[in-house]
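Provide a 3D model corresponding to the input given below.
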Amino acid sequence: MAPFLPILTFHAVDERDSVISFPPRLFQRGMARLHDSGYRTLSLPKLVDCLRRGVPFPERTLAITFDDGYQSVYQHAFPILQRYGFSATIFLTVGENGNQTRLEQLPSMCERSMLSWREIKEMHRWGIGFGAHTLTHPDLTNLPPARVEIEVYNSKAIIEDALSTQVTCFAYPYGRYGNHTREIVRQHFVCACSDKLDLVNGSSDLLALERVDTYYLRTERLFNVMLSRFFPWYIRARSLPRRIRRSIQPSLE
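Residues are numbered from 1 along each chain as shown. So this is what the prediction gives:
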């Protein structure tokens with residue numbers, strides 16, 4: 001059994017020179033290497049169950065998440081996840097109107113094509129999980145509580161209506177949250193993912209789960225660090241600048 005577990009965070013799976021891009025070829029090689037090394041995925045609900053019961057995680061497990069809902073996840077990541085039997089959670093930014101028609105795509109972000117509801121429903125039927133990521137992807141710490149409630153709850157309701165399933169997981173846009181935001185999220189979700197750069201462990205906050213931004217794993221050499229005993233140290237060293245930056249930029253809530 002393991003005392004900690006990484007939640008890997010991806011955004012777009014494409015070749016762009018962008019902080020939110022992860023190369024498709026490296027994604028394929030990375031997933032193959034994890035699978036061949038005996039790693040398996042744990043869904044976020046099962047991860048939450050381990051934390052609630054206070055039990056260690058199974059050895060060689062990780063969770064996989066994708067933020068925003070880019071179409072490249074369906075095109076490049078989904079077939080690889082299917083090949084290796086890996087689960088994942090995709091956090092959707094659904095837009096104000098929440099149109100769920102068969103071919104309707106989510107509103108464009110970062111000048112990229114987004115998932116269509118047909119693609120979302122296909123992945124859901126296969127076993128991919130979906131969580132809420134607000135309507136319009138704002139920094140929630142800059143909004144009044146009434147607007148935070150709309151962004152948080154309405155995004156959940158739209159996905160639940162489209163997929164006919166309960167949505168229990170949330171991801172804060174930009175990873176930012178404050179006391180008011182956290183309380184609103186607590187009323188509607190079982191867990192929420194932050195951008196705290198660390199590994200989930202027995203003392204993790206269910207409403208501010210740590211994740212590993214795969215920006216820090218964007219070469220084959222760095223991705224392979226995951227398989228070594230130095231991985232926790234590498235991630236914690238990478239987290240120091242972010243912690244310092246956040247300490248001098250407090251939430252506006």
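
Which stretches in the stretch 101-250 of the chain count as strands?
For the stretch 101-250 of the chain, the strands defined by DSSP state E, counting those that start in this stretch occupy 129-132, 169-171, 191-197, 200-201, 209-213.

State the paired neighbours of the last one in the sheet, together with their directions.
On the basis of DSSP bridges, the sheet neighbours of strand 209-213 come out as strand 7-10 (parallel), strand 191-197 (parallel).

Nearest to Arg52 among the strands of the stretch 101-250 of the chain would be which one?
Arg52 sits nearest to strand 191-197 of all the strands of the stretch 101-250 of the chain, at 9.8 Å, using CB to CB. C-beta coordinates here come from the backbone N, C-alpha and C atoms, glycine included.

Can you list the residue ranges for helices in the chain?
In the chain, the segments counted as helices under DSSP state H are 24-36, 44-53, 71-72, 78-84, 117-126, 145-163, 179-188, 220-224, 231-247.

List the buried residues of the first one.
Using 16 or more other CB atoms under 10 Å as the test for burial, helix 24-36 gives 24, 26-28, 30-31, 34-35.

Pro173 contacts Leu135, doesn't it?
No: using CB atoms under 8 Å, Pro173 is not in contact with Leu135; the gap is 10.1 Å.

Which residues are in contact with each of those two?
Common contacts of Pro173 and Leu135, defined by CB atoms under 8 Å, 6 or more residues apart in numbering, comprise Thr93.

in the stretch 51-200 of the chain, what spans have low per-residue confidence?
98-103 (pLDDT under 70).

so which of the helices of the chain is the most packed in?
By mean neighbour count, with neighbours taken as mean count of other CB atoms under 10 Å, helix 71-72 ranks first of the helices of the chain at a mean of 22.

Any chance you could list what contacts it?
So helix 71-72 is contacted by 12-14, 24, 105, 112-116, 119 (CB under 8 Å, 6+ apart).

and what of stretch 152-170?
Residues contacting stretch 152-170 (CB under 8 Å, 6+ apart): 44-45, 89, 91-94, 98, 100, 117, 120-121, 124, 129-135, 140, 181, 184-185, 188-193.

Return the distance of that stretch from the chain's centre.
15 Å (CA atoms, centre = their mean, to the nearest Å).

Ok, stretch 226-240 next?
19 Å.

Could you do stretch 123-132 as well?
For stretch 123-132, the distance to the chain centre is 12 Å (CA atoms, centre = their mean).

Contacts for that stretch next, please.
Identification of contacts with stretch 123-132 by CB under 8 Å, 6+ apart yields 43-45, 65, 74, 78, 81-82, 87-92, 94, 120, 152, 155-156, 159, 163, 165, 167-171, 189, 193.

hmm, back to that, any chance of the strands of the stretch 101-250 of the chain in JSON lines, plus distance to Tyr234 and mean neighbour count?
Below are the strands of the stretch 101-250 of the chain laid out as JSON lines (distance: least, CB to CB, whole Å; neighbours: other CB atoms under 10 Å):
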{"stretch": "strand 129-132", "distance to Tyr234": "27", "mean neighbour count": "25"}
{"stretch": "strand 169-171", "distance to Tyr234": "23", "mean neighbour count": "26"}
{"stretch": "strand 191-197", "distance to Tyr234": "11", "mean neighbour count": "22"}
{"stretch": "strand 200-201", "distance to Tyr234": "16", "mean neighbour count": "22"}
{"stretch": "strand 209-213", "distance to Tyr234": "10", "mean neighbour count": "23"}
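
Sweet, I'm off.
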